[in-house]
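# Sharing a sequence plus its predicted fold:
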Amino acid sequence: MSFLDRFRTPPSARFDAVGMGHSPRLAALHASAFARPWDVHEFERLLGEQNTSANGLFLGTAHAPSGFVLSRIVLDEAEILTVAMGPEARGKGYGRPLLAHHFEDLERRGVRTVHLEVEDGNLAALALYRRLGFQEIGRREGYYRKSDGGRATALTMSLAL
């Protein structure tokens, strides 16, 4: 059984690679999900790198993604740089199959371990990552600056594929 087979893909969803042409949409999705969003040029730069892997969630017959995950690969490891879902896709069970699809893509590229960091207050993301098997491996106190001026801890996590 492949990693993707562990999760049922919702029938109205498909998962596919995203490229530089999707940069404006990825920036908009990121802005809808994070207080400190990345701009279009940051996505274009990342998507233009050969060691970047990016997959999108496409609902129905849409040509624009409703969510995405973007990772950077170094040798046999990858770091998830960001994951974002649009408001229309949040809380509907698309995160697990999107990440599972992304992990299969990473495995095909020789990745054996995936790392990420997440704000300790992002309970939905933490629950998702833990369900997928990620383990906490470290903490960075006060790492994130919050929109209210406060600071939040980043948890570093890892998953063996």
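That came in fine, so what should we check first?
# Next, the residue lying closest to Leu47 once chain neighbours are set aside: phi, psi?
Leaving aside its chain neighbours, Leu47 sits nearest to Met20 (4.7 Å; criterion: C-beta to C-beta, 6 or more residues apart in numbering). Backbone N, C-alpha and C define where each C-beta goes, glycine included. Main-chain torsions, Met20, degrees, to the nearest 10: phi -60, psi -30.
# The lowest-mean-pLDDT helix or strand in the chain pairs with which strands?
One helix or strand of the chain scores below all others by mean pLDDT, DSSP states H and E: strand 135-145, with a mean of 90. Taking DSSP bridges as the criterion, strand 135-145 sits next to strand 151-160 (antiparallel) in its sheet.
# for the chain, what's the longest helix?
Ordering each helix of the chain by length in residues (DSSP state H) puts helix 95-108 first.
# For it, name the packing helices and strands.
Here helix 95-108 touches strand 13-17, strand 52-59, strand 67-74, strand 77-85, helix 123-132, going by 3 or more C-beta pairs under 8 Å, 6 or more residues apart in numbering; DSSP states H and E.
# that older thread, could I have the least confident helix or strand of the chain exported to PDB, CA atoms only?
This file holds the C-alpha atoms of strand 135-145, laid out as PDB (Å, rounded to 0.1, in the frame of the first residue of the first chain):
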ATOM      1  CA  GLN A 135       7.000  13.800  15.600                       C
ATOM      2  CA  GLU A 136       8.100  17.000  17.500                       C
ATOM      3  CA  ILE A 137      11.900  17.200  17.400                       C
ATOM      4  CA  GLY A 138      12.500  20.700  18.700                       C
ATOM      5  CA  ARG A 139      11.200  24.100  19.800                       C
ATOM      6  CA  ARG A 140      12.100  27.700  18.900                       C
ATOM      7  CA  GLU A 141      10.800  29.900  21.600                       C
ATOM      8  CA  GLY A 142       9.600  33.300  20.400                       C
ATOM      9  CA  TYR A 143      10.400  32.500  16.800                       C
ATOM     10  CA  TYR A 144       7.300  33.900  15.100                       C
ATOM     11  CA  ARG A 145       6.200  37.500  15.300                       C
END
